[in-house]
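**Q** Just the structure for this:
(2 chains)
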Amino acid sequence: MFKSHKKHIMKNSENVIEVENVSMDFYRLNEKVDNLKEFFVRLVKGKLERKTERVLENVSFELKKGESIGLIGHNGAGKSTLLKIISNIYEPTEGSVRTRGVIAPLLNLGAGFDYEATGKENVYLNGAILGYSKKELHKKYQKIVDFSELGDHMNTPLKNYSSGMVARLGFAIAIDVEPSILLVDEILSVGDENFRRKCSDKINELRAKGVSFVIVSHNMDQIRKLCQKALWIENSQVKGYGEVNQICDEYAAYCKEIKKQSDEAARKKALEEAALKEKAENK
Amino acid sequence: MNSNMDKATLKAERKAEFKEWLDFQKKELVKNVNIVKQLVLRSIKVQYRNSVIGVFWTILNPLLNMLVMYLVFSSMFAGRGTTPVEQATYPLHLLCGNIVFGMMRNATVQSLPSIVQNRGLLTKNKMSYNVFPLSYSLSAVVNFGFSFIALLGVMLVVWIQGQAVFSLNIFLVFIGLPALFLFCYGLSLLLSAMYTFFRDINHFYNVFLTLWMYLTPIFYTINMFDGGGAAGAMMKTVIRLNPMYYYVEYFRDVVYRCSAHAAAIESMEAANEVVSASMIEAASLPGFGETATLYLIGLATLLIGATIFMGTKRKFIYNI
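**A** Predicted coordinates for the structure are as follows:
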């Protein structure tokens, strides 16, 4: 009963995030059974197996106040799943996550927007979801409009926005809630040059204020610049964890190796194909 | 001595822990109330954004519905099992039935796909799942309010014709409405949870809603089955098993039926006419038993819906 609030009692009082031996399983029915008819047919036939898929295996890390960590690894390695576990959207199958303070998840900007509603309505809805009252949002509203540079567009439905405008609004809302932890998933590449600079200025400003960041990015320069630590996840497992430059170097070397291998494989394949073709022509 | 101190500190610790837990829950509650407010506003605004006449559509819609049903069914209604007063107030009979059943339909049809539809919000933010069924159930109550304006309008017309009476009974609507809301909310929780696992539920539910509508005395009364033999008796039993029957009848009673019948009985007694038993029965207001029935149905539905919702909500995220 008292479990839910204990999530912010930390082992080390300096930490804002403690992830301890977290493993995550996804349960799926063997094939996509998402309707009653199929469900009963398979139930009768006895073909209803559940498959568990491990997407994260024994992941641990901790983050002190004001520190930032970069999550790196190939697509589908489990980085975004880890972010969702930290932001408490997924509950880990094993292990525990403790966090302190307001977490603002910047996962896929604009995904939570209602495109039929106007920009203004979306500010209030998203603000409420992030835990702000109408009164607090009244105060923040002008700041959000100014930052996103949307001005008069705030009263038009989002479906008429360009994707850059949507991203700007999403960034402005998330950034203005003054979180103590900001989870960033591959978003620093939105908008035009001008807005990107504004974003990175804002992020630096927040870093100076002592906000902690968890950043998922494929841009190694960005990670090296913004983070002190890095966590490298490959095939659901931690492959490296520590000082950012060291891990990034290891990752870069690994990527090079993989690329070399795949290049080699591609060359071999091309050669084989050419040989086959020649053979066929000779016949 | 030492153990005493330990006990004291332990107690203080527990107290502090409890306080922290309470604060946390309070904060969560305030947050969810804010979200629900925004969602209710959104669903009402979205409904009218693309229509020229806006909110008036909610008032006009039940009126047009009533008109259609009146044209088709009014001649049939004059048959057996209805009192003269019921026949004279037939538009109100239709309208009451329509808006009460409509509230249930509105809440459940919107809630059914709500968790899947809002996956964008749910997979990117930490939030409670039940805010969606709750907000659609609440916006159905708001729509009920708009439709009620139409009902009052029609009642005014019938009153001018001298067939209906405005009485204080109408305020009993506020007693019945929360029970209807509990029923709608419970059903919405159940359906939205099921839909996350089985996407063909909405086809079944649409067919079921049609059946349900015909088994609810919206354009007929249950007494019309009297004298229908075994089949009639069976129909009466089936209708009595239908929860909506009790809600529809309660709202009719308190809005117009009882007061209209009471007024008619009064004038008949003044003219020394014989008052039939069915008239007297129709004039009696729903008492404690009837009201308790409404709440019992509502709470039981909510209990079932909430249990299933709570039991399965951990799996939603994998299915949406």
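
**Q** hang on, isn't residue B:253 packed against residue B:283?
**A** No. With contact defined as Cβ atoms under 8 Å, residue B:253 does not count as touching residue B:283 (9.4 Å). Bear in mind the C-beta positions are built from the backbone N, C-alpha and C, glycine included.

**Q** backbone phi and psi for the residue of the stretch 51-200 of chain B found nearest chain A, please?
**A** Relative to chain A, the nearest point of the stretch 51-200 of chain B is residue B:200 (3.9 Å; Cβ to the nearest Cβ). Dihedral angles of residue B:200 (phi, psi; degrees, to the nearest 10) stand at phi -90, psi 0.

**Q** How much space separates it from residue A:38?
**A** According to Cβ to Cβ, to the nearest Å, residue B:200 and residue A:38 sit 8 Å apart.

**Q** which residue sits closest to the spatially most central residue of chain B, ignoring its sequence neighbours?
**A** Taking Cα atoms, centre = their mean, the centroid of chain B lies closest to residue B:180, which sits 3.7 Å from it. Excluding its sequence neighbours, the residue lying closest to residue B:180 (Cβ to Cβ, 6 or more residues apart in numbering or on different chains) is residue B:247, at 5.1 Å.

**Q** Where does pLDDT dip in the stretch 101-250 of chain A?
**A** A:107-111, A:177, A:187-191 (pLDDT under 70).

**Q** how about the strands in it?
**A** In the stretch 101-250 of chain A, the strands defined using DSSP state E, counting those that start in this stretch lie at A:103-107, A:181-185, A:212-216, A:229-234, A:237-243.

**Q** in the last one, what's buried?
**A** Just to be clear, that refers to strand A:237-243. A:238, A:239, A:240 (16 or more other Cβ atoms under 10 Å in any protein chain shown).

**Q** Would you map out the domains in chain B?
**A** Listed domain ranges for chain B are B:1-50, B:53-319 (source: automatic domain parsing).

**Q** what about the last one, start to end distance?
**A** By that I understand domain B:53-319. By Cα to Cα, to the nearest Å, the extent of domain B:53-319 from end to end equals 39 Å.

**Q** Now it: average pLDDT?
**A** Averaging pLDDT along domain B:53-319 gives 91.

**Q** what do you get for the first one?
**A** Averaging the model's pLDDT scores along domain B:1-50 yields 81.

**Q** My guess is residue B:159 contacts residue B:166. True?
**A** Yes. Contact status for residue B:159 versus residue B:166: in contact at 6.3 Å, counting by Cβ under 8 Å.

**Q** Which one's more surrounded, those two?
**A** In terms of neighbours (other Cβ atoms under 10 Å in any protein chain shown), residue B:159 is the more surrounded of residue B:159 and residue B:166; the figures are 16 against 13.

**Q** for the more buried one, what are its contacts?
**A** B:165, B:166 (Cβ atoms under 8 Å, 6 or more residues apart in numbering or on different chains).

**Q** Can you spell out the domain ranges of chain A, please?
**A** Split by automatic domain parsing, chain A gives A:1-101+A:181-190+A:212-245, A:102-179.

**Q** Can you check which of those gets nearest to residue B:137?
**A** domain A:102-179 (18.0 Å; Cβ to Cβ).

**Q** Excluding sequence neighbours, find me the nearest residue to residue B:291.
**A** Nearest one to residue B:291, counting by Cβ to Cβ, 6+ apart, is residue B:175 at 6.2 Å.

**Q** I'd like to know how far the one you found sits from residue B:146.
**A** Distance from residue B:175 to residue B:146, by Cβ to Cβ: 20 Å.

**Q** and those two? which has more neighbours close in?
**A** Using other Cβ under 10 Å, the more surrounded residue of residue B:175 and residue B:146 is residue B:146, with 18 against 14.

**Q** and the closest residue to residue B:157 other than its chain neighbours, what helix or strand is that in?
**A** In space, and not counting its chain neighbours, residue B:157 is closest to residue B:91: 7.9 Å by Cβ to Cβ, 6+ apart. Counting by DSSP states H and E, the element that carries residue B:91 is helix B:90-111.

**Q** Quick one: end-to-end length of stretch B:108-122, please.
**A** 20 Å.

**Q** in that stretch, what's buried?
**A** B:108-116, B:118-122.

**Q** The residues you listed: which ones sit near chain A?
**A** Among the buried residues of stretch B:108-122, the ones lying near chain A by Cβ under 8 Å from any Cβ of the partner chain are B:120, B:121, B:122.

**Q** thinking the last one is in contact with residue B:318, fair?
**A** No. In this structure residue B:122 lies outside contact range of residue B:318 using Cβ under 8 Å: 11.8 Å.

**Q** So which bits of the stretch 51-200 of chain A are right by chain B?
**A** Listed as neighbours of chain B in the stretch 51-200 of chain A under the rule Cβ under 8 Å from any Cβ: A:84, A:87-91, A:103, A:105, A:107-108, A:111-114, A:116-117, A:121, A:124-125, A:128-134, A:157.

**Q** Show me which positions of the strand or helix carrying residue B:152 end up buried.
**A** If you go by DSSP H and E, residue B:152 is part of helix B:131-160. For helix B:131-160, burial by neighbour count (16+ other Cβ under 10 Å) applies to B:131-144, B:146-148, B:150-151, B:154-155, B:158-159.

**Q** same check, this time on stretch B:15-35
**A** Those would be B:21, B:24, B:31, B:32, B:34, B:35, for stretch B:15-35 by 16+ other Cβ under 10 Å.

**Q** how near is the residue nearest to the centre of chain B to residue A:251?
**A** Distance, residue B:180 to residue A:251, by Cβ to Cβ: 60 Å.

**Q** Over to residue A:200?
**A** 22 Å.

**Q** and if you look at residue B:241?
**A** 66 Å.

**Q** higher neighbour count, those two?
**A** When residue B:241 and residue A:251 are compared for neighbours, residue A:251 comes out ahead with 21 against 9, by other Cβ under 10 Å.

**Q** got the phi/psi numbers for the more buried one?
**A** phi -60, psi -40.

**Q** Show the pLDDT at it.
**A** Model confidence at residue A:251 (pLDDT) stands at 89.

**Q** which ones are touching it?
**A** Here residue A:251 is in contact with A:72, A:73, A:220, A:230, A:232, A:240 (criterion: Cβ under 8 Å, 6+ apart).

**Q** burial measure for the second one, as a count.
**A** Yep, that's residue A:73 we're talking about. 24.

**Q** separation between it and residue A:146?
**A** 37 Å.

**Q** now the third one
**A** Applying Cβ to Cβ, one obtains 33 Å for the distance of residue A:220 from residue A:146.

**Q** which of the two has more neighbours?
**A** residue A:220 (18 against 12).

**Q** thinking the more buried one is in contact with residue A:252, fair?
**A** Yes. If you go by Cβ under 8 Å, residue A:220 and residue A:252 touch, sitting 6.6 Å apart.
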